[in-house]
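**Student:** Kindly return the folded structure for what I paste below:
(chains A and B)
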Amino acid sequence: DAGVTQSPTHLIKTRGQQVTLRCSPKSGHDTVSWYQQALGQGPQFIFQYYEEEERQRGNFPDRFSGHQFPNYSSELNVNALLLGDSALYLCASSLDTGSLKETQYFGPGTRLLVL
Amino acid sequence: DAKTTQPTSMDCAEGRAANLPCNHSTISGNEYVYWYRQIHSQGPQYIIHGLKNNETNEMASLIITEDRKSSTLILPHATLRDTAVYYCIVLSHAGGTSYGKLTFGQGTILTVHP
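**Tutor:** I've put the predicted structure just below:
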């Protein structure tokens, strides 16, 4: 049973560029959440996708956007990169069973460095 | 903001039980207590969760006080591989500000030493 996978594992970009990170959820899961983890901090919630729509959003600017595909995989896009966007980006998947939300399982993350 | 309070760091001898406390005095009735851990530079790993009853799985036990204002994660026989940052999180399964999103605090750095 494949767990959550993310690609790429590492990425280096320069300020002003755009980046796309990818996530494949755990088999059987339909909900994908994205988190940003700066060095020395706990992960911070960016947004969550369910049924191909953004369902919840954390306190992140519009430069951060996402997409969910019919196969439940997801992308995180960040435009106009800033040095402060350097972080570990984590994807978590879960299964939404109506009123009962299932546990979120994390992938290994993508380490983004903005120069 | 995180709704939990945890000690910054703890030490434990290998083979002994590690007891990690968490305070969540403002927890509401529909919020669960979740525990995750993160080993350096890896994604957080789910450990256990509970609502009001004590829970046990192959990794750990979770003891929640009767008033639900605090809990303790117990690793019964700690090994060096249990050295990690442990996060206690409250999460709603049905609405409210904590619905569906994990809000991580600073966590507890657990160091298991030989």
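**Student:** residue ranges for the strands of chain A, please.
**Tutor:** For chain A, strands defined by DSSP state E occupy the ranges A:5-7, A:10-13, A:19-24, A:31-37, A:44-50, A:53-57, A:64-68, A:74-78, A:87-94, A:96-97, A:100-101, A:105-106, A:110-114.
**Student:** what about A:His10, distance to A:Leu113?
**Tutor:** Applying C-beta to C-beta, to the nearest Å, the value for A:His10 to A:Leu113 is 8 Å. Every C-beta, even on glycine, is put in place using the N, C-alpha and C of the backbone.
**Student:** let me fix that: A:Val19
**Tutor:** Counting by C-beta to C-beta - A:Val19 and A:Leu113 are separated by 11 Å.
**Student:** So between these two, which is more surrounded?
**Tutor:** Using other C-beta atoms under 10 Å in any protein chain shown as the criterion, A:Val19 and A:Leu113 rank with A:Val19 on top: 18 against 13.
**Student:** Quick check: which ranges of chain B have low pLDDT?
**Tutor:** Residue ranges of chain B with pLDDT under 70: B:1-2, B:94-98.
**Student:** Please identify the residues of it in proximity to chain A?
**Tutor:** B:2, B:34, B:36, B:41-46, B:49, B:87, B:91, B:93-94, B:99-107 (C-beta under 8 Å from any C-beta of the partner chain).
**Student:** Narrow those residues to just the buried residues.
**Tutor:** Buried members of the residues of chain B next to chain A, scored by 16 or more other C-beta atoms under 10 Å in any protein chain shown, are B:2, B:34, B:36, B:43-44, B:46, B:49, B:87, B:91, B:93, B:99-107.
**Student:** still on that earlier bit, now intersect the residues of chain B next to chain A with the strands, please.
**Tutor:** Per DSSP E, the residues of chain B next to chain A map to strands at B:34, B:36, B:45-46, B:49, B:87, B:91.
**Student:** So which of those is the closest to chain A?
**Tutor:** The closest of those to chain A turns out to be B:Tyr46 (C-beta to the nearest C-beta; 5.5 Å).
**Student:** Could you report the distance from the closest residue to chain A within chain B to A:Val4?
**Tutor:** Here the residue of chain B nearest chain A is B:Phe104; by C-beta to the nearest C-beta that distance is 3.2 Å. When C-beta to C-beta is the yardstick, B:Phe104 and A:Val4 sit 17 Å from each other.
**Student:** How about B:Thr4?
**Tutor:** Distance of B:Thr4 to A:Val4, given as C-beta to C-beta: 24 Å.
**Student:** quick one: contacts for the residue at minimal distance from the centre of chain A?
**Tutor:** In chain A, the C-alpha nearest the mean C-alpha coordinate belongs to A:Trp34, at 2.9 Å (C-alpha atoms, centre = their mean). Counting by C-beta atoms under 8 Å, 6 or more residues apart in numbering or on different chains, A:Trp34 makes contact with A:23, A:45-48, A:66, A:74, A:76, A:89-92.
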